[in-house]
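Build the 3D model from these lines:
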Amino acid sequence: MENELKENIGTFLNTKDSREFFAELDYLLKDGVHIQNYGEQVKYYAYIKSNYEELADYYKTLFKVDFRIGGADAQKYYYLDFLSGNRGKIADKHRHLMRNEFVIIGFIIYKIFYIDREIDLNSVQKLKEKIRIDFEEYKEGIYRLIAKSKNINPGNVNDESVDTSIQSALQEFKKIGWITMEKDDFDLLPAFERLITVYEDYIQNIDETLNELK
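The predicted model follows:
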C-alpha cells in the first residue's frame, strides 16, 4: 500500500502545476504558513484545492504529519498541523514555537474582534493604544510574560515594551498567514481561527485566562 502511495506521489509531483508551484509551497507549509484564497496565496490555494488528496498523502507518507483543511467555503484554509505537537519528520530548523506573550496578545485581539465586536479596528497604532488603555488591568501580567521571554527583570518592562511585543506578535501572525498587515493597516484572515482551535480551552474561558494576568 505504501509503495502504491509513493508511486502516486511521484506521479502528481511530475505534473506541470507541481513543477511550477510545489517547491515554493512546500517551504511555506513547512515554515508554518497557512494558505488561503487571498493575495499572493491565491495561486497556491488553487493548486492545493486541485491536489489536496495527493498532498495529504505526500506529507503523511513521507513526513508523518497531517495536512489539514480549516474553515469552510470562502473561509477555507490549508496548513500542516504542527501546533498540535507533532512535527513528524520535518527538520527542527523549521520548528518555531509561538511565544507566550504573542498567544496572550492573540487572545486579546480575539476578545476585541469576536466578543466585543469591534470589527472596524484595523489600525496597528490604535490597537496598541487600546490594549494599553482598555486592558490596563492585565498590564502587569503582560509585563511579566514579556520579561520572562526576554529573561529580564519585570521592572525593566514598560509601555514601550508592550507596544514592541504587540508589533512583534502581529508580524508573527502575518508571517504564518493569520493576518494581513501593511504599514499601519491590518486585518484578520480566516486562518486566525487557528488560535481559537489550538487554544480552545483557554478561549472558552477567556475571562478566566486573562484574569490570571492580574
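
how deep is residue 50 tucked in, by neighbour count?
13 (other Cβ atoms under 10 Å). Just so you know, the C-beta spots here come from the backbone N, C-alpha and C atoms, and that holds for glycine as well.

which residues touch the nearest residue to it once chain neighbours are set aside?
Using Cβ to Cβ, 6 or more residues apart in numbering and skipping the chain neighbours, the partner closest in space to residue 50 is residue 17 (7.1 Å). For residue 17, the residues meeting the contact criterion (Cβ atoms under 8 Å, 6 or more residues apart in numbering) are 47, 50-51.

Which ones among the residues you listed lie within helices?
47, 50-51 (DSSP state H).

can you redo these as JSON lines with distance to residue 145 and pLDDT?
Listed next are the ones in helices among the contacts of residue 17 as JSON lines, based on distance: Cβ to Cβ, whole Å; pLDDT from 0 to 100:
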{"residue": "47", "distance to residue 145": "39", "pLDDT": "97"}
{"residue": "50", "distance to residue 145": "42", "pLDDT": "94"}
{"residue": "51", "distance to residue 145": "41", "pLDDT": "94"}
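
if you go through the chain in chain order, where are the helices?
2-13, 16-30, 42-63, 100-110, 124-134, 139-150, 159-175, 193-198, 200-204, 206-211.

tilt between the fifth one and helix 159-175?
In this structure, helix 124-134 runs at an angle of 130 degrees to helix 159-175, with axes from the mean of the first three to the mean of the last three Cα atoms, to 10 degrees as the basis.

So what's the residue count around residue 128?
Other residues close to residue 128 by other Cβ under 10 Å number 18.

Out of the contacts of residue 17, flag the one nearest to residue 189.
residue 47 (18.4 Å; Cβ to Cβ).

That closest one reaches residue 23, doesn't it?
No: contact criterion Cβ atoms under 8 Å: residue 47 and residue 23 do not qualify, at 11.6 Å.

Compare these two and say which is more crowded by neighbours.
residue 47 (19 against 10).

who touches the closest residue to that one other than its chain neighbours in this structure?
Nearest-residue entry for residue 47: residue 21, 4.5 Å, with adjacent residues in sequence omitted and distances by Cβ to Cβ, 6+ apart. Residues in contact with residue 21 (Cβ under 8 Å, 6+ apart) are 43-44, 47.
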